[in-house]
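Trainee: Build me a model from this:
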Amino acid sequence: MRLSHIEYPPLLIPVLFRHCIRVDFPLLEELDTLRFLVSADTKGDLEGFAHKAPKLHKMRVGCLPVAGDSFDFAGFPFSQLSHFEYRDPTHWGIEKLFDNSPNLVSLKINDRYGFFPIGARSQEHITCPSIKTLTLCRGRVTRNYDPTVLSYLSLPSLQNLHFAPSNLTGSWAHFGPFMAFLSRSSPPLTTLMIQSLNLSDSNLIRILAQIPTLLDLVIDDNNVPPAESPITYKFIESFHASRTTGQRPIHIVPRLRSLKLDVGADAFEDALIVDMVQSRWITEKLSASYVSGSQSDGLPAVDCLREFTMRFRRRKEVKGVFQPIEDTGMRVVVLWMEQ
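Mentor: The predicted structure follows:
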């Protein structure tokens, strides 16, 4: 059967293929049951793909069988998967997924647990050394103590982290567990994208201070009330290459090379943005002859910012306000409400 993508309710599999003596999926690459419940009642359908889908590498599910079900994880081709999307994660399901997926490099997951782990297991951390990309979807929190996967994950090889867009309102309840996750994993993060997350500017600065390896940063405050946006004057000032506390320079994300901001404010201190961006445009560090880490060159201890993008969703264009940046030769894109 020449299928490369299947999206289906698992219970339909016996109906669709009831007249087939043997069903193989030699070209199947993606399996999508996200909108349908996967449980012990339908485990046979998933197990039916074992040894029959040699090219399967992407899978999306709402949930996996819980502890006590007889689902044969070893029989399903998890070992082939490179990407897995998990809407209602459980501690046991994540543990089984990681144990059986040595080639998993990308995970998209709801940050709220679908089922709270019980007893000693709730204190265990689940490590996956192969994952390099994590997409977190904000789950609806009904109580202040609702559990989060961030309390139990450890991803020491993580390079790319994306907070997916959300229509949920209210402050993000999992900042503390996320900071603990960063500390526990100590990942070599190079890319961070945060979209639609109610996060204070001070908390965002605290997050960035924990990621000295960061090269690319995207912050988008869509669906966040302007008064709760993390893109503030304080946030912009924190990037200034000459920022100090007392006599000591403080440089967050010192390796940053690309900064993209999407802001819904109807007013902003443009001169502050220009000054910050210019402070990180250090052309001497673009020279092939420059020796990185030199202590005697008198330059700020940050890399040269190569790219800057600013989008104002609710502001009309102010002519020439960012011209000083453009005149430097940096790659700059500024978009306004009309564009």
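Trainee: Next one, pLDDT for the closest residue to Ile250 other than its chain neighbours please.
Mentor: Once flanking residues are discounted, Ile250 sits nearest to Arg243: 5.3 Å by Cβ to Cβ, 6 or more residues apart in numbering. (C-beta placed from N, C-alpha, C; glycine too.) Arg243 carries a pLDDT value of 72.
Trainee: For Val334, list the residues it contacts.
Mentor: Applying Cβ atoms under 8 Å, 6 or more residues apart in numbering, one finds that Val334 lies in contact with 309-312, 322.
Trainee: Roughly how far does it sit from Ile131?
Mentor: With distances taken as Cβ to Cβ, to the nearest Å, Val334 is found 35 Å from Ile131.
Trainee: where's Leu161, which helix or strand?
Mentor: According to DSSP states H and E, Leu161 maps onto strand 160-163.
Trainee: partners of that strand in the sheet?
Mentor: Sheet pairing of strand 160-163 (DSSP bridges) gives strand 133-137 (parallel), strand 191-195 (parallel).
Trainee: Highest mean neighbour count out of these?
Mentor: Highest mean neighbour count of the strands paired with strand 160-163: strand 133-137, a mean of 20 (counted as mean count of other Cβ atoms under 10 Å).
Trainee: any idea which helix or strand comes after it?
Mentor: Next along the chain after strand 133-137, taking DSSP H and E as the criterion, comes strand 153-154.
Trainee: Run through the neighbouring helices and strands of that next one.
Mentor: Helices and strands touching strand 153-154, as assessed by 3 or more Cβ pairs under 8 Å, 6 or more residues apart in numbering; DSSP states H and E, comprise strand 126-127, helix 175-185.
Trainee: between these, which one is nearest to Leu136?
Mentor: helix 175-185 (8.6 Å; Cβ to Cβ).
Trainee: pLDDT averaged over the closest one - what is it?
Mentor: Rounded mean pLDDT across helix 175-185 is 95.
Trainee: Can you list the helices and strands that that helix packs against?
Mentor: strand 153-154, helix 201-209.
Trainee: Turn those into JSON lines, including distance to Leu217.
Mentor: What follows is those, written out as JSON lines (distance: least, Cβ to Cβ, whole Å):
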{"stretch": "strand 153-154", "distance to Leu217": "22"}
{"stretch": "helix 201-209", "distance to Leu217": "8"}
